[in-house]
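**Student:** fold the following, please.
(chains A, B, C and D)
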Protein chains: 2
Amino acid sequence: MVVAAAEEVVRREGVDALTMRRVARELGSSTMALYRHVRDRDELLVLLLDRAAAELPRPPLPREPRRRLLVLFKFLYDGLVRSPWVVPVLVKGDLMAPSVLWLMEEIVAAFVAAGMTPEQAAEAYLTVWRFTVGELVISQATANQTATLDCRPRQLALLSSVDPDELPTLAALADYWPKARARKSYRTRVAAILDGLLAST
Amino acid sequence: MVVAAAEEVVRREGVDALTMRRVARELGSSTMALYRHVRDRDELLVLLLDRAAAELPRPPLPREPRRRLLVLFKFLYDGLVRSPWVVPVLVKGDLMAPSVLWLMEEIVAAFVAAGMTPEQAAEAYLTVWRFTVGELVISQATANQTATLDCRPRQLALLSSVDPDELPTLAALADYWPKARARKSYRTRVAAILDGLLAST
DNA sequence: ACCTGAACACCGTTCAAGT
DNA sequence: ACCTGAACACCGTTCAAGT
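**Tutor:** Residues are numbered from 1 along each chain as shown, chains lettered A, B, ... in the order given. Down below sits the predicted model:
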């Protein structure tokens, strides 16, 4: 019931509204009653993720390891894009929702199928996982930024007005950055990274 | 004076102690006086980073683009590892400290020197930057974790006790994960990623 | 121009006490 | 076992008022 109530709060009012007090109010109980059922707020977030992950249908997997890896990582990324607020919690606790352990298994196994030793495969997984975390953190940050309409330019964000003599390459790209930032290109990027990792075996 | 006081607080008591109230106390002024000189706490963090970055000596750069990129990214990573708490702020505001714009310039230029178009180079920079953010976020999280000695195992962190029938590859790696996590391997990983990016040109 | 102090509107979590 | 209400110990930031 605690998790269901929390889900409802997040669905209706977003994750920022997910305070212990708010969930308690949703249930009509006291705040402290929640701590009987959940260790702390972070655990509640992970339980939320686990439930969401369990509901996702597994994608069909191509045979060929490289294409299989692409599908698996895209699935992981897409799943987390829906709840990027949980990423810091996962990272902090080095956690993985139990309902997606199969995904991790498939990824490591695919690296092995591509010719890696299990250790190399684990290392490759960690590399792409780190990239994915970066991508998620940044995508959520830019989403929040446009959401709050924080358009008054911070004076330190000076990429578009750069001295062409001192920094010619950046100056030439001045109007490219906004475009590049807007583009969603996890797939392309992860493909390039996979190439590098697979080539090293 | 505000930045200097903030620096002193961080140096002596860590970034968690960096509250507006604490900095004000350090200066013997009122909390609100700070807001005359600094927009908000985030701006103070970025000013702190900028000052720290300006003090780092520039590394000697190899001629060959790939090796040059390695040195540049390692420099970027090492600089930020010293103050990883600023990473979320950078990401949130899409900021870059002015004193490290030269670094960004050098990186993009090196990708161009390796045969990329400026747009491809910018895209490659963004890819590695995202990986770097992930690496920094994770490294800080594990540092915090060992610092607070949060050793009571969260029940959802179950990588070491995995069913070998269902998840054979993960089970075989059970005792490898702690080792892998402890290893510092930004350089190796970024090298593999660079290979992938450079190969795609 | 710069500073002050009170106040706003919250947090997560502890703790002792209840049923 | 489970729940409660008060309290702790804070935050960043606003606002009106001062010099």
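**Student:** just give me the neighbour total for A:M1.
**Tutor:** When neighbours are defined as other Cβ atoms under 10 Å in any protein chain shown, A:M1 has 9 of them. All C-beta spots, glycine's among them, are computed from the backbone N, C-alpha and C.
**Student:** residues contacting it?
**Tutor:** Neighbouring residues of A:M1 by Cβ atoms under 8 Å, 6 or more residues apart in numbering or on different chains: A:L27.
**Student:** if I look at it, how far off is DNA strand C?
**Tutor:** Applying Cβ to the nearest atom of the strand, to the nearest Å, one obtains 18 Å for the distance of A:M1 from DNA strand C.
**Student:** is it correct that A:V2 is in contact with A:L34?
**Tutor:** Yes. Taking Cβ atoms under 8 Å as the contact criterion, A:V2 and A:L34 are neighbours in contact, 5.8 Å apart.
**Student:** give me the pLDDT value at the closest residue to chain B within chain A.
**Tutor:** Closest contact between chain A and chain B, by Cβ to the nearest Cβ, is at A:G196 (2.5 Å). Turning to A:G196, the model gives it a pLDDT of 93.
**Student:** can you check the one 3 residues further on too?
**Tutor:** With respect to pLDDT, A:A199 has a value of 89.
**Student:** roughly how far apart are the closest residue to it other than its chain neighbours and A:Q120?
**Tutor:** If the residues on either side of it in the chain are set aside, A:A199 comes closest to B:D195, at 5.8 Å by Cβ to Cβ, 6 or more residues apart in numbering or on different chains. The spacing between B:D195 and A:Q120, counted by Cβ to Cβ, to the nearest Å, is 15 Å.
**Student:** before we move on, what about A:M32?
**Tutor:** 48 Å.
**Student:** over to A:P62?
**Tutor:** Plainly put, A:P62 is 21 Å away from A:Q120 if you go by Cβ to Cβ.
**Student:** these two: who's more crowded?
**Tutor:** With neighbours defined as other Cβ under 10 Å, A:P62 and A:Q120 compare such that A:Q120 has more, 17 against 14.
**Student:** that one sits in which helix or strand?
**Tutor:** Assigned by DSSP states H and E, A:Q120 belongs to helix A:118-148.
**Student:** pLDDT-wise, which helix or strand of chain A ranks last?
**Tutor:** Ranking every helix and strand in chain A by mean pLDDT, DSSP states H and E puts helix A:176-182 at the bottom, with a mean of 80.
**Student:** what about that helix and chain B, touching?
**Tutor:** Yes. Part of helix A:176-182 sits near chain B under the criterion Cβ under 8 Å from any Cβ of the partner chain, namely A:Y176, A:W177, A:A180, A:R181.
**Student:** doesn't B:V137 make contact with A:P88?
**Tutor:** Yes. Checked against Cβ under 8 Å, the pair A:P88 and B:V137 is within contact range at 7.5 Å.
**Student:** stretch A:8-17 close to chain B?
**Tutor:** No. Stretch A:8-17 is not in contact with chain B by Cβ under 8 Å from any Cβ; minimum separation 14.2 Å.
**Student:** what residue lies at the spatial centre of chain A?
**Tutor:** For chain A, the residue whose C-alpha lies nearest the mean C-alpha position (Cα atoms, centre = their mean) is A:L136; its distance is 3.7 Å.
**Student:** show me what contacts that one?
**Tutor:** For A:L136, the contact set (Cβ under 8 Å, 6+ apart) comprises A:Y77, A:L80, A:V81, A:P84, A:V87.
**Student:** for the residue of chain A most remote from its centre, helix, strand, or coil?
**Tutor:** Among the residues of chain A, the one whose C-alpha is farthest from the average of all C-alpha positions is A:D165, by Cα atoms, centre = their mean at 38.2 Å. Using DSSP: H, G, I helix; E, B strand; the rest coil as the criterion, the local structure at A:D165 reads coil.
**Student:** look up phi and psi at it.
**Tutor:** Backbone geometry at A:D165, expressed as degrees, to the nearest 10, gives phi -80, psi -40.
**Student:** can you check the one 5 residues further on too?
**Tutor:** When read as degrees, to the nearest 10, the backbone of A:L170 gives phi -70, psi -40.
**Student:** before we move on, back to that, what about A:P88 and B:V137, which has more around it?
**Tutor:** Each of A:P88 and B:V137 has its neighbours counted (other Cβ under 10 Å); B:V137 has more, 23 against 18.
**Student:** quick check: the more buried one touching A:V91?
**Tutor:** Yes. Look at B:V137 against A:V91 with Cβ under 8 Å: they come within range, at 5.8 Å.
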